[in-house]
Structures are given as structure tokens and as C-alpha cells.
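Participant: Next comes the sequence, and after it the predicted model I'd like to discuss.
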Amino acid sequence: MSADQRQGALAHALLKRAPLWQEAEARARRFGHGRSDDPTDATRVADDYRLLAHDLARARALIPGSRAREYLESTYARVHATLNHGEVRLLATLQQLFREQIPAAVIWLAPYLVWATLLFALAAVAGYALVERFPELIALFASPDLIASVESGRLWTEGLLNIAPSSVLSVQILANNIVVSLFAYCTGFLFGLGTLYILGLNGLMLGAIFAFTAQHGLGGALASFIVAHGCVELSVMCLSGAAGAAVGEALVRPGSHGRVAAFRTAALRSGQVLFACALLLVGAGLIEGYVSPDPRIPVGIKVAIGVSYWLFMLALLSGRLWIRRRPALDAPRAA
Amino acid sequence: MNELAQQLSVDSATGIDVTLPLAGAGARSYAFVVDWHIRVVLGLAWYGAATLLYNYARNGGISLAPPLGTDARWFGVVLVPALALYFLYHPLLELLMRGSTPGKRMAGVRVVSRDGSAPSVGALLVRNVFRLIDSLPICYGLGLTLAALTREHVRCGDMAAGTLLVYETASAGFALTPATTAGTLDVATAELLAELLARWPGLALPARGALARQLLARCGRSAEEVAALDDAALRQALIEVTRMAGAGT
């Protein structure tokens, strides 16, 4: 028998085992889709894994370009995934996220948070100084309707509830804020420049509008409007900017890892805080839609709401909202 | 990572690597287009049905017109769910289907992490957040460009999340026939025969005729003999060769 004939015979003998592969694939599909919890089946899936590994090794040597080898590859991969993938427990995942991962990410982002806040504050001061010195520059930051409203002696926020219901306002505001927050994070991909731009621009706008309203005696009114939702909203803006800055720095200075690996690590780690940011912005949007524009709510209440929500934000980000189980002090220690 | 074959190789406990072929920009685009159509249909279907029901409940009329003023109930019952269906389609379905969507299923691809397993919840959400960047400047220009130019065919979101788009090879492509196992034909020819016969109705006449003549010549039939056969006779000849190979003759 020649070598070719021997190889051919081995290949055909291997292919006769195909029904076993098809059974293995069907078992892996059942388990993968949660349609089976039979312990016997589970044991057989483990046996299938070894069987398929053995046959795949032979197929790669004997019939590398065949459909049968491709089928074995995909079946082996499916069984591998079935054996190795863990069950997704959403509640446990979320608990771990808020209890441990987000607080750890916030601590890791602390230096970036300081710089992002500083940048935002400096931009706000710059915007204030710019419009105070050159009032006509407000046209760069505010719409003509807003300018006309302030120049006529009233804030554009007055009468908002007459134009649109609170629920509509809230959804529009929180959707816009979440998108801006996500952009502040994602644009860190542009070596951090996009994040710096968003933080700087938003700071400039805030400072400019405050200067403009102050020039028309409405600075206090604007502060009263903002206080309920603004503390958290501005904090989240800085936090998202910090996350984006971390991503940007990973691209600029990857350290000992490759640029892509550093980017991936930074993105995954800093991206965790976006969950908390999105939740906080939902609350801020509801406050901005229901509380801030309502003239019937006293300023003192709005301040209390703003401060309370800000403290809630700190508790959420530090993980202090969760009750931690302490080990019993009088439990016997191991020798 | 095997650079030549562009596949993901994952170490396994058996010592035999799991290999998953990487999907390129074409499969990615196909999956996206299918998903986009589904999103649009779902969003429009909700919008239409909810508007009809809303207007009927409100004034007894059958109308698709939105209310004239800003109506909170219309906003909350009609518009927000329709927009949520459209914008949250990818993140929600990828989470629920462990890295897959209906469009990805049709394209035969799936999102996996670098160890071949289904991506984590955080990775899937980060991957979807970066769609904001990948969709720039329009129509996923940046994402498609990166997918076409990078070695692993990844877009920005995949880089951030540590995920890859791989082919899930359909098992339907493998058909075990007696001819494959009998040993009288080599494996490649036997598989070609089975595949040609399976795809016969879908192939154009000239193409299937040329393929059939080549295969029959490979199986030992003379060129003059097969040249005289018409379409039906060619198919019958292929079936006969398969049957004889399966019988071991």
C-alpha cells in the first residue's frame, strides 16, 4: 500500500466517525441554549471535547482542506465554549459592578478626575472673563432666542413647563446629557484631544452664559435654576472626561504594553464608571425636568435636593451605598 | 494568532487549539445592513401601531398623524419606545444573545472575546458605546476603514472591548454521504460531488454544467462522453457516480 493510499484509508476511517461529531454538536447546542440540564449529558459533553480534539488533530493532518475539517473546527469550538463559558447572572454582575468595580475605577481615575475638573473650571473662568470683557462674544455660545430672552430681563428657563410637559423635558435632557457624556469618554480615542475639546467647550459655555446672565441681573436666578441638578450633572461631565482622558493617555503613553493593549485595558476599566454616570444623569434629567423649572418650589428645597443628590452620587461612586459584611470580631482565628 | 490564515487560536486544555476564522469588513457590513433593516422595521412598526392605537383611544379615529402639541403620553408611549427599539437594539440583543444578533446570525458571524468565549457584559456595552466613534463621519466610515485595514479586522469598539468578530462555520455545509466514507473516491472529490448536487438547483445552467463535466472527468468519465450530456443527464451521472462510490464500486 502506498503512502497516498494509506493516507486515504486513514481519512475515510476518520470520516466514518462523523455521526459521533454530529451527536456532539447537537449535545453542545442543547447545553449552550439551556435546553438540557441532564448530568449524564454534561459528562458526555466533556467526553465529546476530548473525542473532538483527538479527531480534529487527525483531520488537520489528513484532510486539512476539507469541509469535514471545517465542521470539526466549528464543532470543537462550540463544545469548548459550552464547557468554558460561565452562566450570566445579571444581578450578581451588577452588584459586583456597583459594589467593587466602579469604586475601584473611580479611585484609579482620581488623578484624571482632578485634571478634568481643573480643565473644566479653568474653561468656565475663561468663558466668564471673556464674555464679561467682550459681551458680544455671547453669540458664540448661546442661541439668538436665549440672548433675546435674557436681554428682555427673563431667563429662557422661565415658562419651560408651559411649552413642554416635564416628562418630555426630562427625557430630552437626560438623553442629550448621556450622549454628551458618552462622547466625552469615546473621544478619548483621539489621543484625548476630543475629551479635552468637550470639557473645554462645555466649561467655556457655562462660564460665558453665567457672565451674560450676571450682566443682566439674572445670575442669581440662573444659579437657582441650576443648583438642583447642576451639581451632579457637572460632576458627571468631569467624571466622563476623566474616563476619556484615561483612554487618551493610554494611547499617548502606553507604557510597557502595546498601544492597543493599553487602550483596551484603559477603555474597559474606565468604561465601568459610565454605568454610574448614565444612571446619575437619568436622575439629573428628571430633576431638571420636574424640579428646576418649577417656580413653585422654593430655592432652599432646590439647594437641599442638589446637595442631597450630590452626596448620593458620592456614596454611589465610593460603593458606600452597599452594606458590607464584616467578619465577626470574636470568630476564632486559624492557627 | 496565526497571521497567514487570519484566525483566532485559543489554547485549550486538550492541547489542541480552538481556531475561529476572523470575519472581515464584508461580513460585518452584511450583518449590520440586515440588523439595520430589522431595527427600522421594528421602530416603524411600533411607531405606526402605537400611533394608531393612541389616536383611536384618544378620538376614535384611525390616523397615523402625531398630535399637534407636545403630548407627554404620545411621547412616552409612541416615540420613546420606538427610538429605544432603534438605538438599543444592538446593545440589548448582543447582551441577550451572548454576542450575536439576527443579522450576525444570518451573516454567520459572532462576537467573541480573545479567549474565544462570549464577551462579558461590560465588554459588550463598551463595544457598543464606541459605535458613536465608529459611525463617524457618516455610515460607519471610520469603523469600516479600521475593519478593512487592521490585521484582525476590528473596529474601534472591538479594540476597546477586546473582542473579535469571527465566523461560525455552518454545520449545514458538511454533508456526510456514503461516497465520502466508502474510500473509492478521495475525500475532496466526494465532498465536491455532494456539494454540487446539494447546490444544483441554485446554480446557473452553464456554471453547473461546466462544474459537472470537470468532476465527471475527474471521476474517470471521458470528455467526449460527458460533453454530449444535457443538464438533466449530467445531474443523473453525478448521482450515479455518488451511488457507485458509496457502494464501493
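Facilitator: Arrived safely. Residues are numbered from 1 along each chain as shown, chains lettered A, B, ... in the order given.
Participant: quick one: residue B:195 and residue A:66 touch, right?
Facilitator: No: shown here, residue B:195 and residue A:66 do not form a contact pair, counting by C-beta atoms under 8 Å, at 10.9 Å. Bear in mind the C-beta positions are built from the backbone N, C-alpha and C, glycine included.
Participant: Not counting residues beside it along the chain, what's closest to the residue nearest the centre of chain B?
Facilitator: For chain B, residue B:107 is the residue whose C-alpha lies nearest the centre (C-alpha atoms, centre = their mean; 0.9 Å). Closest residue in space to residue B:107, ignoring its immediate chain neighbours: residue B:31 at 3.9 Å, by C-beta to C-beta, 6 or more residues apart in numbering or on different chains.
Participant: From the contact counts, what lies against the helix or strand hosting that neighbour?
Facilitator: According to DSSP states H and E, residue B:31 maps onto helix B:25-59. Packing contacts for helix B:25-59, counted by 3 or more C-beta pairs under 8 Å, 6 or more residues apart in numbering or on different chains; DSSP states H and E, involve helix B:72-74, helix B:80-87, helix B:89-96, helix B:102-107, strand B:109-113, helix B:141-149, strand B:163-167.
Participant: Now find how far off-centre that helix is within its chain.
Facilitator: 21 Å (C-alpha atoms, centre = their mean, to the nearest Å).
Participant: tell me which residues in it are buried?
Facilitator: Using 16 or more other C-beta atoms under 10 Å in any protein chain shown as the burial criterion, the residues of helix B:25-59 that qualify are B:25, B:27-32, B:34-35, B:38-39, B:43, B:46-47, B:50-51, B:54-55.
Participant: again with stretch B:65-83
Facilitator: Buried-residue list, stretch B:65-83, by 16+ other C-beta under 10 Å: B:66, B:71, B:74, B:75, B:77, B:78, B:79, B:82.
Participant: of the residues you listed, closest to chain A?
Facilitator: Chain A has its nearest neighbour among the buried residues of stretch B:65-83 in residue B:75, at 4.9 Å by C-beta to the nearest C-beta.
Participant: wait, doesn't the closest one sit right on residue A:166?
Facilitator: No: proximity of residue B:75 to residue A:166 does not meet the contact threshold set by C-beta under 8 Å, at 11.1 Å.
Participant: circling back to that earlier point, now the helix holding residue B:31 against strand B:109-113, angle please.
Facilitator: Using axes from the mean of the first three to the mean of the last three C-alpha atoms, to 10 degrees, the direction of helix B:25-59 lies 100 degrees away from that of strand B:109-113.
Participant: can you list the helices and strands packed on helix B:25-59 in CSV and add mean pLDDT?
Facilitator: Converted to CSV, the helices and strands packed on helix B:25-59 look like this (pLDDT from 0 to 100):
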stretch, mean pLDDT
helix B:72-74, 81
helix B:80-87, 91
helix B:89-96, 90
helix B:102-107, 94
strand B:109-113, 92
helix B:141-149, 93
strand B:163-167, 93
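Participant: Quick one: the ones you listed as CSV, columns for distance to residue A:170 too.
Facilitator: CSV is the format used below for those (distance: least, C-beta to C-beta, whole Å):
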stretch, distance to residue A:170
helix B:72-74, 10
helix B:80-87, 11
helix B:89-96, 22
helix B:102-107, 32
strand B:109-113, 33
helix B:141-149, 32
strand B:163-167, 34
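Participant: quick one on the thing from earlier: out of the buried residues of stretch B:65-83, which one has the lowest pLDDT?
Facilitator: Across the buried residues of stretch B:65-83, the bottom pLDDT score, 75, is held by residue B:71.
Participant: So which residues lie in contact with the strand or helix carrying residue A:182, not counting its own?
Facilitator: Using DSSP H and E, residue A:182 sits within helix A:166-186. Residues from elsewhere that reach helix A:166-186 (C-beta atoms under 8 Å, 6 or more residues apart in numbering or on different chains): A:160-161, A:164, A:194-195, A:198-199, A:202, A:233, A:236-237, A:240-241, A:243-244, A:247, A:270-271, A:274, A:277-278, A:281-282, A:284-286, A:288-290, A:293-294, B:70, B:72, B:75-76, B:80, B:129-130, B:132-133.
Participant: what comes up buried for it?
Facilitator: A:166-171, A:173-175, A:177-178, A:180-186.
Participant: any idea which helix or strand comes after that helix?
Facilitator: Per DSSP H and E, the helix or strand that comes after helix A:166-186 is helix A:193-215.
Participant: just checking, what packs against that following helix?
Facilitator: helix A:110-133, helix A:144-151, helix A:166-186, helix A:219-252.
Participant: Report the buried residues of it.
Facilitator: Buried-residue list, helix A:193-215, by 16+ other C-beta under 10 Å: A:194-196, A:198-200, A:202-214.
Participant: Dihedrals phi and psi, residue B:67?
Facilitator: Dihedral angles of residue B:67 (phi, psi; degrees, to the nearest 10) stand at phi -70, psi 160.
Participant: That one and residue B:74 touch, don't they?
Facilitator: Yes: here residue B:67 reaches residue B:74: they are 5.2 Å apart, a contact under C-beta under 8 Å.
Participant: low-scoring stretches of the stretch 51-200 of chain A, by residue?
Facilitator: A:86-88, A:159-163 (pLDDT under 70).
Participant: That one against chain B: which residues are in contact?
Facilitator: Proximity of the stretch 51-200 of chain A to chain B (C-beta under 8 Å from any C-beta of the partner chain) is limited to residues A:53-54, A:56-57, A:63, A:65-68, A:70-71, A:73-77, A:80-81, A:84-85, A:88, A:90, A:93, A:97, A:163-168, A:171, A:179, A:182-183, A:185-187, A:189.
Participant: for the residue most central in space within chain A, what are its contacts?
Facilitator: With distances taken as C-alpha atoms, centre = their mean, residue A:274 lies nearest the centre of chain A, 3.3 Å away. Contacts here follow C-beta under 8 Å, 6+ apart; on that basis residue A:274 touches A:181, A:182, A:185, A:240, A:243, B:125, B:129.
Participant: hang on, the earlier thing: quick one: which of residue B:195 and residue A:66 has more around it?
Facilitator: Using other C-beta atoms under 10 Å in any protein chain shown, the more surrounded residue of residue B:195 and residue A:66 is residue A:66, with 21 against 15.
Participant: That'll do, ta.
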